[in-house]
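S.K.: let's see this in three dimensions:
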Amino acid sequence: MKSGVLIAAAFLAGGLAVSAASHAQPQTPAVAYTADGKLQFPKDYRSWVYLSSGMDMAYTDSPGMADHHMFDNVFVNREAYAVFQKTGTWPDKTIFMLEARAGEQRGSINKKGLFQGDTMGREAHVKDTTRFKSGWAFFPFAGGEQPATALPQTSGCNACHEQHGAVDTTFVQFYPTLMPKAEEMKTLSAAYLAEQKAESEKR
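M.R.: Here you go, the predicted model:
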């Protein structure tokens, strides 16, 4: 009987040691590059924090495709989200994933409205102040899950975000769960506030 108790205790201690070791293992970083500087596709991005979805959004007044609908889903790595909740801004190695999906009208029992269909494209927005002059870069995953090359720092994406991003060149203005924190921490950019003031004066 006593030996049985000792054996059980040994197994329990061993199990706890294995459990502790597994918890001690470092997690795979959200931002990872290949040797030639391409961004590795973050395969687990759908387990990150979901921020919001937009539908048929466009940042210009040019005519859109009337027969085509699209959803944009935005996710951010959990470590960055936790920092934002404390500071109202984004830490280094923040990574957003934008996932574009087709808007579908006909399917199953749906009779009205739209639901999300197949993936049409994905793009990452990365903060890495040691690599990029502006601090941020965009990586379109045109090749599915193959590593992506950063757009030039002078790209339209960079310029638009730098001019109109509410917080640290990111479109927090479109993330309703984050705007209150940015307002509380007073981290809204001067350019965004000026833009909002000008818009309100037009009304």
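S.K.: any low-confidence regions in this protein?
M.R.: 1-28, 62-67 (pLDDT under 70).
S.K.: where do the helices of it begin and end?
M.R.: 2-24, 78-87, 156-164, 179-185, 190-202 (DSSP state H).
S.K.: may I ask you to name the longest strand in the protein?
M.R.: As assigned by DSSP state E, the longest strand anywhere in the chain is strand 115-127.
S.K.: what's the burial count for the nearest residue to K181 once chain neighbours are set aside?
M.R.: Of all residues not flanking K181 in the chain, G88 sits nearest, at 5.2 Å (C-beta to C-beta, 6 or more residues apart in numbering). Bear in mind the C-beta positions are built from the backbone N, C-alpha and C, glycine included. As a burial measure, G88 scores 20 neighbours (other C-beta atoms under 10 Å).
S.K.: list the residues that contact the residue nearest in space to the middle of the chain.
M.R.: Taking C-alpha atoms, centre = their mean, the centroid of the chain lies closest to F96, which sits 2.2 Å from it. The contact partners of F96, by C-beta atoms under 8 Å, 6 or more residues apart in numbering, come to L51, V74, F75, V76, A124, H125, V126, T170.
S.K.: try it again with 10 Å
M.R.: For F96, the contact set (C-beta atoms under 10 Å, 6 or more residues apart in numbering) comprises 45, 48, 51, 74-77, 80, 90, 123-127, 136, 138, 170-171, 175.
S.K.: what do you get for E162?
M.R.: S134, G135, W136, Q153, D168, T169, S189, A191.
S.K.: how near is the closest residue to the last one other than its chain neighbours to L178?
M.R.: Of all residues beyond its chain neighbours, the one nearest A191 is Q163 (6.5 Å), with distances taken as C-beta to C-beta, 6+ apart. Going from Q163 to L178 by C-beta to C-beta, to the nearest Å gives 19 Å.
S.K.: ditto for P152
M.R.: 28 Å.
S.K.: the two: which is more packed in?
M.R.: Counted by other C-beta under 10 Å, P152 and L178 do not tie: L178 has more neighbours, with 23 against 11.
S.K.: so how far is F132 from the residue nearest to that one when sequence neighbours are not counted?
M.R.: In this structure, L178 finds its nearest non-sequential neighbour in V172, 5.0 Å apart by C-beta to C-beta, 6+ apart. For V172, the distance to F132 equals 19 Å [C-beta to C-beta].
S.K.: near the residue nearest to A191, how many other residues are there?
M.R.: Using other C-beta under 10 Å, Q163 has 12 neighbouring residues.
S.K.: that one reaches E195, doesn't it?
M.R.: Yes. Contact status for Q163 versus E195: in contact at 8.5 Å, counting by C-beta atoms under 10 Å.
S.K.: between V172 and F132, who's got more neighbours?
M.R.: Using other C-beta under 10 Å as the criterion, V172 and F132 rank with V172 on top: 27 against 15.
S.K.: so who does the residue lying closest to H161 once chain neighbours are set aside touch?
M.R.: Excluding the flanking residues, the one nearest H161 by C-beta to C-beta, 6+ apart is T169, at 4.4 Å. Going by C-beta under 10 Å, 6+ apart, T169 touches 90, 125, 127, 134-136, 158-163, 189, 191-192.
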